[in-house]
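**Student:** sequence and predicted structure, then a few things I'm wondering about:
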Amino acid sequence: MTSPIPAPELILGVVGAGLMGRGIAQVAAEAGIQVILTDQSPEAVAEALQFCADMLRRKATKGTLSLAEAEAAIGRIVAAGVGSGTAFAGFSACDVVIEAVAESLDVKHRVMDCLEAVVRDDCVLATNTSSLSVTAIAAKARRPQRIAGFHFFNPVPLMRLVEVIGGARTDEDALVRLTALANRMGHLPVRATDTPGFLVNHAGRGFGTEALRIASEGIASFADIDRVMTDSAGFRMGPFELFDLTGLDVSSLVMESIYRQYYDEPRYRPNALTTQRVAAGLYGRKSGGGFYTYRDGKAEKPAELSVAPVEGAPAVWVSGRFPDVAGDLRDRLARAGATVETTPRPSDEAVIMLTPFGEDTTTASLAEGLDPTRSVAVDCLLGLDRRRTLMRTPVTKPAVLFTAQALLAADGTPVTVIHDSPGFIAQRIVACIVNIGADIAQQRIGAPEDINRATEIALGYPRGSLRFGDELGPRRILDILAACHAFYGDPRYRASPWLKRRAMLGVPLTTPEG
C-alpha cells in the first residue's frame, strides 16, 4: 500500500479529455494534486471522469492503492464548464495548466489565448504536443516565457517518462516547476530543447528507417530482420512488428514530418516502402494486415526452414583480421565438428568465414585477396550466443553456404542467412541508433544520461542509445558507419562529431563536455 497523500498544495488544469488528458489527470490526482478537467465535448469530460474512477478503483482492487486513497484521488478530479467561455473561467486558480488538444497550431493558439485571459501571470502553461514547435505555440502569447512543452507518452499511467521542453523564450523557472511537477506525479522528467521530435521521437529515427532500407534492398525479409533485432540485439519487438503495432499510417507521417522539419537530413530519410503500403491500406494490426497478416490478433510469420546436419568434418578457415572475435568463432566451429584451419591462407577446399564490421562479404573477401565463391561472413558484433547472421556474396557457392549454415546451427542456435549487405542487419541498425543518439548530444538537445533514459524507457531499447555504443565500443561503431558510408556514398552514414571525437579519444559516449 502507498502512504497517505497530504492535502493538495497545487491546482492543475488539464484541457482535453482524450486518452492523454485523462491519463495526465489520473496520475496527477493519484499524486495528491487537485485537477480541473475540461474539453469542448461534455461527453468527453464525463467519459474521462468515469475512466479515471474505474482505473483508480481497479488499482485498489489489485492492492496498489487502498480504497480510501482511490476514492480520495477520484474526488480530486473535477470538471470545469464546457465551452470557450465557462470552461476556461474555472482555471483562474490554477498553478499549472496542461493542454492536450488536437495537434493543430491554430487550435493550440486559441487554447493558449483563452487561458491567458483567465489565469494568473505566474501560472505555467504547458503543451503536451508531440510534433509541433513549442516556440511556435508560444509565439502569439502575451507571456511566451511561461509556455513550455510537457510531453507525456501513452498510456500515461504506464509510460513513466515525460519530456520537459523549453521554447526559444521559455523561462528557466517554468522548466524547473514542470520538472518538480513530473517528479511529484511519479514520472521521470528529461530535459530537451525545442527541436523536431524533441528527444524521444528524434532518437527513434534509426531503428525503423534503417530497417526499411535493408528490406527495400532485398537483403532480408521483414520477418528475418525482426528475428535478428529481437533475438540477437535484444529488442522487445522488431521494427516491422512495431510498425504494425503503432500503425504505419501514423509512423509514416512521423517519419516524413521529422525528415522535412530537418530540411531533408539524410539520417532521417524515409523509404518508399511505407508510402506504397499506406496507399494499399496495409497499416498493421488495426487494418488486419501490414508487414504481417493477422489472424485473431496474432501475426502469421513464415516458418524458418530446418537445417540438415553437415556430414564429415569439413575444412573451415576463419579470417584473423579481427582477432578479438575470430577465436570464439573458431572454437564454436570446432565444437560443431569442423576441421578448423590455422594456416595464414585457406586451403583450396576450405569454407572461408569472415567477420567484418561494416563491410559486406564481397568487399571483405576482396580486401584480403580471398575467393568470393567460397566466402561467407558472420556477424560477431553482438556475440554468437543467440541467433547468428550469415551473409553470402552474390557468387557464393550453394554448397559453401549450406556447410557454413549447418555448422553454425549445429548446437541448436538459429541462423539467419542474408544477402550481401554492408553492416549485416544488426550492425547497421544499431550503428544508426547510436549515431543519432550521439548527434542529439552534439546538438545539446538532451544530456547524455537523459538520452539513455529516454530511449530505454519510452522506446523500450535494451540499452540507451549512447550506452549501446559504449558497450560495443565507439571506435567499432565509427568503423561500421565509415564502411557503410564508403560503400554507399550516402551522407546518411556520416558519423556525428560527438561520436567521432570520443572514438578518437577513447572515451565513453556518455562523457559530457566540461
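**Tutor:** Cool, got the structure.
**Student:** go ahead and confirm Pro474 touches Arg502.
**Tutor:** Yes - with contact defined as C-beta atoms under 8 Å, Pro474 counts as touching Arg502 (5.1 Å). C-beta here means a position set from N, CA and C on the backbone, and glycine is covered the same way.
**Student:** between these two, what contacts are shared?
**Tutor:** Counting by C-beta atoms under 8 Å, 6 or more residues apart in numbering, the common neighbours of Pro474 and Arg502 are 508-509.
**Student:** worst mean pLDDT across the helices and strands of the chain, which element?
**Tutor:** helix 86-89 (a mean of 76; mean pLDDT, DSSP states H and E).
**Student:** quick one: buried residues of it?
**Tutor:** Of all the residues in helix 86-89, those buried under the rule 16 or more other C-beta atoms under 10 Å are 87-88.
**Student:** helices and strands around that helix, which ones?
**Tutor:** The elements that helix 86-89 packs onto, with contact taken as 3 or more C-beta pairs under 8 Å, 6 or more residues apart in numbering; DSSP states H and E, are helix 105-116.
**Student:** how far does the helix it packs on sit from the chain's center?
**Tutor:** 31 Å (C-alpha atoms, centre = their mean, to the nearest Å).
**Student:** now it: mean pLDDT?
**Tutor:** Here helix 105-116 scores 96 as its mean pLDDT.
**Student:** ends of stretch 407-417, how far apart?
**Tutor:** End-to-end distance for stretch 407-417: 13 Å, by C-alpha to C-alpha, to the nearest Å.
**Student:** should've said stretch 178-190
**Tutor:** 11 Å.
**Student:** cool, stretch 185-194 as well?
**Tutor:** 23 Å.
**Student:** quick one: contacts of it?
**Tutor:** Against stretch 185-194 from outside (C-beta under 8 Å, 6+ apart): 27-28, 30-31, 33, 133-135, 149, 152, 160-168, 175, 178-179, 182-183, 198-199, 443-447, 450, 453-454, 457.
**Student:** buried ones in stretch 120-127, by neighbour count?
**Tutor:** 123-127.
**Student:** next: stretch 475-494.
**Tutor:** Result for stretch 475-494 [16+ other C-beta under 10 Å]: buried residues 476-485, 487, 492-494.
**Student:** for these, work out which two are farthest apart.
**Tutor:** Arg476 and Arg492 (18.9 Å; C-beta to C-beta).
**Student:** regarding stretch 152-171, how distant is the last residue from the first?
**Tutor:** 20 Å.
**Student:** do you have the helices of the stretch 201-350 of the chain handy? List them.
**Tutor:** Per DSSP state H, counting those that start in this stretch, the stretch 201-350 of the chain carries helices over the ranges 205-216, 222-227, 239-246, 248-261, 272-279, 323-335.
**Student:** closest one to Ala60 among those?
**Tutor:** helix 239-246 (30.0 Å).
**Student:** list of residues touching that closest one?
**Tutor:** In contact with helix 239-246 (C-beta under 8 Å, 6+ apart) are residues 207-208, 211-212, 215, 222-223, 225-226, 229-230, 237, 251, 284-285, 290-292, 294, 299, 429.
**Student:** report the buried members of the residues you listed.
**Tutor:** Counted by 16+ other C-beta under 10 Å, the contacts of helix 239-246 give 207-208, 211-212, 215, 222-223, 225-226, 229-230, 237, 251, 284-285, 290-292, 294, 299, 429 as buried.
**Student:** just to revisit the earlier point, the contacts of stretch 185-194 in strands, which ones?
**Tutor:** 149, 152, 161-166 (DSSP state E).
**Student:** pLDDT of stretch 329-340, averaged?
**Tutor:** Mean predicted lDDT for stretch 329-340 stands at 98.
**Student:** run the chain-centre distance for that stretch.
**Tutor:** 37 Å.
**Student:** ok, back up a step: show me the buried residues of stretch 120-127 that map onto strands.
**Tutor:** Using DSSP E, those in strands are 124-127.
**Student:** I'd like the helices of the stretch 201-350 of the chain as a markdown table, with distance to Gly90 appended.
**Tutor:** Converted to a markdown table, the helices of the stretch 201-350 of the chain look like this (distance: least, C-beta to C-beta, whole Å):
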| stretch | distance to Gly90 |
| --- | --- |
| helix 205-216 | 40 |
| helix 222-227 | 49 |
| helix 239-246 | 35 |
| helix 248-261 | 33 |
| helix 272-279 | 41 |
| helix 323-335 | 64 |
